[in-house]
Each structure stands twice: as C-alpha cells, then as structure tokens.
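Undergrad: what follows is a predicted protein model with its sequence.
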Amino acid sequence: MPATRSEITRILDEWSAGDPDALAKLMPEVVDDLHRMAERYLNREGPGQTLQPTALVNEVYLRLVGRRTVRWQNRAHFFAFTAELMRRILVDVARRKHAEKRGGGAVKVALDAALNLPREDDPDLIAVDDALVALAKVDPRQARIIELRFFAGLELTEIAEVVDVSLATVKRELRTAKLWLVGELTRE
C-alpha cells in the first residue's frame, strides 16, 4: 500500500534531521510518482530521445544520494525539487547533444501541448530552459510556478503551498507566465 502524504513528509523530516537511511525508506514510496514525472518530461521530447524514464529516475536518485543538508518542507517541496533536477538533467543531455552535433541534435519538447496552446513548431528543450531562465530573472515566482505545474505535475493547491501564496495568486501568475513564455518562445 502506498504511503500517505503525511508519511512521506515524515520520512522527509527524518532525512532533514540527518537520518542516513531516510532516502532508502523514501524511494520505494515515491518511485512511481517520480517515474510518472519522468514519463511526462520524456513524452514532451521529440523523436531521437534515447533516455528512458527509469534512467532519468535513476539519475535523480544518484543526485539525491549526496544531499545531506536539504530541509524538506513537505512532499510537494520534494517533488518540486526533483522536477527541477529532471529538467536540469535533460537540459544537460540536450546541451551535450547540441554541442556534439552543433545544433543538429537538440532534444525537442512540446511545451505548447502542455500549455494547451495552438500547435506551432515544437520548441527545443534548450529554448524552453533558456526561456524559463529568462522568466526567472524577470519574475522568479512565475518561473517556479510554471516548473511546478508543467514539469513536476503538482496541483494548483500544492503549488500554492510550496510557493507560499494564495490559490488565486497561483492561477493569476500561471496565466501571466504562460503568456510571457509563449511570447518568448515565438520570438526566438
């Protein structure tokens, strides 16, 4: 039987308190959710993507193993962090491919499908990452909301909890951020 949100938060609290076995207790409880997140990321990628969801989850695990000083707030905070890790891993892979092929092999991601917008050319993952980095310079909270919604797959109420704002603020900032990103990606 899967762990409840409060049980996951309890294990995260143990990890934050320095329990060396907490990650080993946590992973069986969250691996299915992490796998779904990885599938969401990879389903947005274009043809030629060789990374599998399990490999992405394994890479996230390897990066979590060395984490000793993270102060997890709750389950949503953990999944927001792992979503950011997944995005960074995929961007690193895309940048390596891009460098190897001098632009010919950039990984594609269909952000407009996730944003429910009319389809145009799929922006590549590097362009999406660059746009999110640019948005973070203009409005860090909006960039975080986009990442939590479309990459971590968090519900709006969970995002409000992680970002520590009202649900109405999340909805308003999500609309604004979508418009900004579409403008940024179509400008490129």
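TA: Looks like it came in fine.
Undergrad: for the strand or helix carrying E7, packing partners?
TA: If you go by DSSP states H and E, E7 is part of helix 5-16. The helices and strands touching helix 5-16, judged by 3 or more C-beta pairs under 8 Å, 6 or more residues apart in numbering; DSSP states H and E, are helix 22-43, helix 75-101. C-betas here are computed from N, CA, C, even on glycine.
Undergrad: grab the nearest non-local neighbour of the residue most central in space within the chain.
TA: Geometric centre of the chain, nearest residue: A83, 2.6 Å, by C-alpha atoms, centre = their mean. Once flanking residues are discounted, A83 sits nearest to A152: 3.3 Å by C-beta to C-beta, 6 or more residues apart in numbering.
Undergrad: next one: phi and psi at the one you found?
TA: Main-chain torsions, A152, degrees, to the nearest 10: phi -90, psi -20.
Undergrad: tell me the confidence at it?
TA: In this model, A152 is scored at 76, pLDDT.
Undergrad: that one contacts F78, doesn't it?
TA: No. Between A152 and F78 there is no contact under C-beta atoms under 8 Å: 9.7 Å.
Undergrad: hmm, back to that, buried ones in the helix holding E7?
TA: 8-9, 11-12, 14-15 (16 or more other C-beta atoms under 10 Å).
Undergrad: redo those residues as a markdown table? Include distance to L156.
TA: As requested, the buried residues of helix 5-16 are arranged in a markdown table below (distance: C-beta to C-beta, whole Å):
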| residue | distance to L156 |
| --- | --- |
| I8 | 20 |
| T9 | 19 |
| I11 | 25 |
| L12 | 22 |
| E14 | 28 |
| W15 | 26 |
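Undergrad: so of the helices and strands packed on helix 5-16, which one's packed in deepest?
TA: Mean neighbour count, computed with mean count of other C-beta atoms under 10 Å, is highest for helix 75-101 among the helices and strands packed on helix 5-16, reaching a mean of 19.
Undergrad: name the helices or strands packed onto it?
TA: Helix 75-101 is packed against helix 5-16, helix 22-43, helix 53-65, helix 125-138, helix 156-163, with contacts defined by 3+ C-beta pairs under 8 Å, 6+ apart.
Undergrad: now the helix holding E7 - C-alpha only, CSV.
TA: What follows is helix 5-16, C-alpha atoms only, in CSV (Å, rounded to 0.1, in the frame of the first residue of the first chain):
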residue,chain,number,x,y,z
ARG,A,5,1.4,12.3,2.0
SER,A,6,1.9,12.7,5.7
GLU,A,7,4.1,9.5,5.9
ILE,A,8,6.2,10.8,3.0
THR,A,9,6.5,14.2,4.8
ARG,A,10,7.6,12.3,8.0
ILE,A,11,10.3,10.4,6.1
LEU,A,12,11.5,13.7,4.5
ASP,A,13,11.6,15.2,8.0
GLU,A,14,13.8,12.3,9.1
TRP,A,15,16.1,13.0,6.1
SER,A,16,16.2,16.6,7.0
